[in-house]
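*Asks:* What follows is a predicted structure for the sequence shown.
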Amino acid sequence: MSNFSVGFRANGAVQVLALQGELDAHTASELEAAIQKCKDDHHFQIVINGEHLQYISSAGLGVFMAYIEEVREEGGDIKIAALQPKVFNVFDLLGFPMLFDIVDTEDEAVALFKNGSS
Amino acid sequence: MPNGLLSRLPKQGRLLGPGTRIKRAALFIFFVVFYTLGAAYHLLLWNIGQPTAFLTFIYHGVILAGYGTLWLLLSSQFDRVRATPAKAFWHTLVLGILLIGLSFVTLNIPGAFNDAGEPLTLTTIVKMNTLSLLEATFFFILLLRFRDLVLFKRTRSSQRNWYLMLAFMLFAVFAAFFNLPGGPGGNDAWRDYLLALAIIPAVTFMVINSFRISWIVHLTFREKMAIIGLSTLLLGLFTLIGVSLQTGDAFDNLMPGVSLYLNNYSYPLSMFMMLAGTFGFLYCITALLSLMFHLPTTSDFQRRADEMAVMHSLTDLVNQVFDPEKLVSTITASPVEAGSADAAWLAIADLETGSLRPRVIATHNIAPALVAEMVDTEAFYEEVLHTKEPVLLEQAHADHRIAAHSGNGLSSLLVIPLSARNETLGALFVTRNVAHGFEKDDVEAISIFAAQAALALDNARLFEEQIEKERLSRELAIAKEVQHKLLPQHLPMLDGLTLAATSVSAQEVGGDYYDFVQLDEHRLAFIVGDVSGKGTSAAFYMAEMQGVFQSVTHIAPDPCDFLTHANRALCNSLEKNVFISVVYGVLDLQEEVLLMARAGHCPAATINLHGESRYVRSQGLGLGLDRGSLFRKTLDVERIPLQPGDVFVLYTDGLVESRNPQGEEYGYDRLLEALRAHRHEDAPDLHASLMADLDRFLGGLRQYDDDLTLVVLKWHGLPLSPAAAATDNTREIYPARAVSLE
């Protein structure tokens, strides 16, 4: 069983979800629940911090795709920051950088929100 | 024993073995002999006069032995069939009447004794022998019939008491032996003591045995009345016989002077008969009194017995029924049909909706709407779930969970949890129209039934699950076959090109895909794809991808066109969180060029003759990620000129992400290394070598937890002369073999 956890943090007005461990089909539901909670709390500006994210599978990627439309409709966004190289490669192969803002640090992502680019 | 003699014996019934027949025949013979000897003795006396003490002694011994064999004979006859209580009384009564009748007739034949007890006429002797035989037979049969009643419920102690009674009766017989007129002389007192010593215990045991009347409870009201009548008559009979035996005088009663005859024949025997008669009398009294006292409770016992019988037979039915619907209706109907309740309903935890809220799934004798209105089923369910014990409301309308008045027919309520394998499956509700309608017995009986019902429900559920499981695994096996057929069954053969391809799915069905379409003589379209996820849903999308590829590539072979069409087609059916990554390419072997595009997939590896290798990582979004124009805008197509010796390797992430026992991934670098090492081999060998390298890396542990696909394309080039190209013979140097490896 893979171990995975989502940490909640606030960075200004932005909700930060710090991912830790392996995100695959078994653990994807946890990330789903976390994003759903953000939605329920009306936090539509979300930054995913992948500093401690070791692995992601297609199921994990699917979670982003499942929620992004709704979040953007509410005027918010999901931005991704601090991915490890191997994990970033998985996002990159699929072309995620063309769909999401993927940056090197959490602060950069937060700054992007402040600048009004959702 | 000669056959002739056997055949003359009365037929005792077909079920007898030869051993029993022989035994009976022997007993009969012995009896006849003894009886005749006894009669002979009297004749002898008649002629000779005073007998010797010794002869008398022998005589009595013979008589006792003779009647002993008669007892054994009758006993073995009555052992075969146990009498019902009614039969026992009836037979005894009939025999008794017969006895009295025959005795009356016999006694009225003239004959008498003198004072010394010696017969005066020949007819007296005949009368004596006949009477004794008749009386003895009657009393023996009486004892045997009543034995069946006493031992109706056989236990060690009841049997022991019966045999002790008989033993003491026999003891009395032998004591009487010493009390014979003209018998062994001596002091009288000890004889009386001896007799008392025998009779008192015998009578004690008679009294004890008289209380063995357990056959009474099982009788219906009618049967009890009938036996009351019979036993009253029998009591009358015994009184008559008893009185006759007591008085020694020939006064004007039914059997004048019968005791004289009996005593003169054999005093010990008549002692036995008297004791037997006493027992019969005592037993009839206790039976009569008990029957009368049991009459009022007959209907209750009957009802209880009926309920038990119905519950039992329904319990069997409950276990046989595997149809869940029929089962639950049987469960609710049973208590009502058995008479234990007036209405019933069953609530089951609603496992379908995932919640544990109870749902009333069947009712009997009460409408579901009424149940919903009057009873808070959920509250009761909670309670029994918690306590795991039945809940009994003797005055239901007093409880706040019942919204009924005492007129509504819901006065008593019993709720029983149905548990199997430590899990509460549901609860059975039964009601009665009156308050305090459920006694302790009812609660127990219904609880036992509920336990059976729970087991049956559990069985039915398990059975259903098992059937479903088998059906699913059959379905999956079919799906695996179907999917297998969707992959290319044969690899295309084009001059100058060798191909090899395999795809292994992690589960029965998978999301990986590869396919080829030969567009014309020298053009081949190929695709390798990976649906996000695994299992059945991925397999469905894979099938759709195959359909799109097979049809659209003919119409729009250009990679950008094809992929844009594919993206649009798939976006309609893919779920939000599903996407497909593909690499698509078209080889033009005449122009010697490859047009290839990568839509989110692992980049194709390529190497040339000289060992220069790279990954073709062109830009492109995965299919299904964008429904708009972004896909086409961001898709790049690479135009790669072909050189002889060029190898293209397409694969899915299952290859590069395979981990060895140490947790290391195979990775992109190792793939290129292996490719470099084997680039001179043609496609099939190269493919095998790459797989072997992977296996080596994995340490022989070929255990895939992701789908794995590997396609190898190698361009060998064609000889330049057109003439040579036209014939097959010159194609030796670079043989174009296409072998499909699965």
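*Replies:* Done, it's in.
*Asks:* which residue packs closest to residue A:13, ignoring adjacent ones?
*Replies:* Residue nearest to residue A:13 in three dimensions, not counting chain neighbours: residue A:45, with 6.2 Å by Cβ to Cβ, 6 or more residues apart in numbering or on different chains. For the C-beta atoms, the positions are set from N, CA and C on the backbone; glycine is no exception.
*Asks:* Now that neighbour: phi and psi?
*Replies:* The phi/psi pair for residue A:45 (degrees, to the nearest 10) reads phi -100, psi 100.
*Asks:* And for the one 10 residues further on?
*Replies:* Main-chain dihedrals, residue A:55, degrees, to the nearest 10: phi -160, psi 150.
*Asks:* does residue B:204 sit in a helix or strand, and which one?
*Replies:* Using DSSP states H and E, residue B:204 maps to helix B:188-210.
*Asks:* For that helix, which residues meet the burial criterion?
*Replies:* By 16 or more other Cβ atoms under 10 Å in any protein chain shown, the buried positions in helix B:188-210 come out as B:191, B:194-195, B:198-199, B:201-203, B:205-206, B:208-210.
*Asks:* Average pLDDT for that helix, rounded please.
*Replies:* Helix B:188-210 shows a mean pLDDT of 85.
*Asks:* ok, and the closest non-adjacent residue to residue 102?
*Replies:* Using chain A. residue A:80 (4.5 Å).
*Asks:* wrong one, I was asking about chain B
*Replies:* Nearest to residue B:102 is residue B:134, by Cβ to Cβ, 6+ apart, at 5.6 Å.
*Asks:* contacting residues around that neighbour?
*Replies:* By Cβ atoms under 8 Å, 6 or more residues apart in numbering or on different chains, the contact set of residue B:134 is B:99, B:102, B:103, B:106.
*Asks:* quick revisit: ok, the residue nearest to residue A:102 to residue B:545 distance?
*Replies:* Here the criterion is Cβ to Cβ, to the nearest Å. By it, residue A:80 lies 28 Å from residue B:545.
*Asks:* do the same with residue B:302
*Replies:* Counting by Cβ to Cβ - residue B:302 and residue B:545 are separated by 75 Å.
*Asks:* Ok, residue B:459 next?
*Replies:* For residue B:459 relative to residue B:545 (Cβ to Cβ), the value is 44 Å.
*Asks:* Compare neighbour counts for the two and give me the winner.
*Replies:* Taking neighbours as other Cβ atoms under 10 Å in any protein chain shown, residue B:459 and residue B:545 compare with residue B:545 leading, 24 against 16.
*Asks:* That one and chain A, how far apart?
*Replies:* For residue B:545, the distance to chain A (Cβ to the nearest Cβ, to the nearest Å) stands at 15 Å.
*Asks:* Helices of chain A, residue ranges please.
*Replies:* Secondary structure of chain A by DSSP state H: the helices cover A:28-40, A:58-73, A:85-94, A:106-114.
*Asks:* Give me the neighbour count for residue B:656.
*Replies:* 18.
*Asks:* returning to that earlier point: would you mind giving the secondary structure of the residue nearest to residue B:102?
*Replies:* helix (DSSP: H, G, I helix; E, B strand; the rest coil).
*Asks:* Please apply the same query to residue B:281.
*Replies:* Reduced to three states by three-state DSSP, residue B:281 is helix.
*Asks:* Could you tell me which residues of chain B lie near chain A?
*Replies:* Contacts of chain B with chain A, taken as Cβ under 8 Å from any Cβ of the partner chain, map to B:530, B:532-534, B:576-579, B:581, B:600-603, B:617, B:619-622, B:625-626, B:630, B:634.
*Asks:* let's see 6 Å
*Replies:* B:532, B:533, B:576, B:577, B:600, B:621, B:622, B:634 (Cβ under 6 Å from any Cβ of the partner chain).
*Asks:* can you list these in a markdown table and add neighbour count and pLDDT?
*Replies:* Listed next are these as a markdown table, based on neighbours: other Cβ atoms under 10 Å in any protein chain shown; pLDDT from 0 to 100:
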| residue | neighbour count | pLDDT |
| --- | --- | --- |
| B:532 | 27 | 86 |
| B:533 | 23 | 72 |
| B:576 | 14 | 85 |
| B:577 | 21 | 86 |
| B:600 | 27 | 95 |
| B:621 | 26 | 95 |
| B:622 | 28 | 95 |
| B:634 | 16 | 95 |
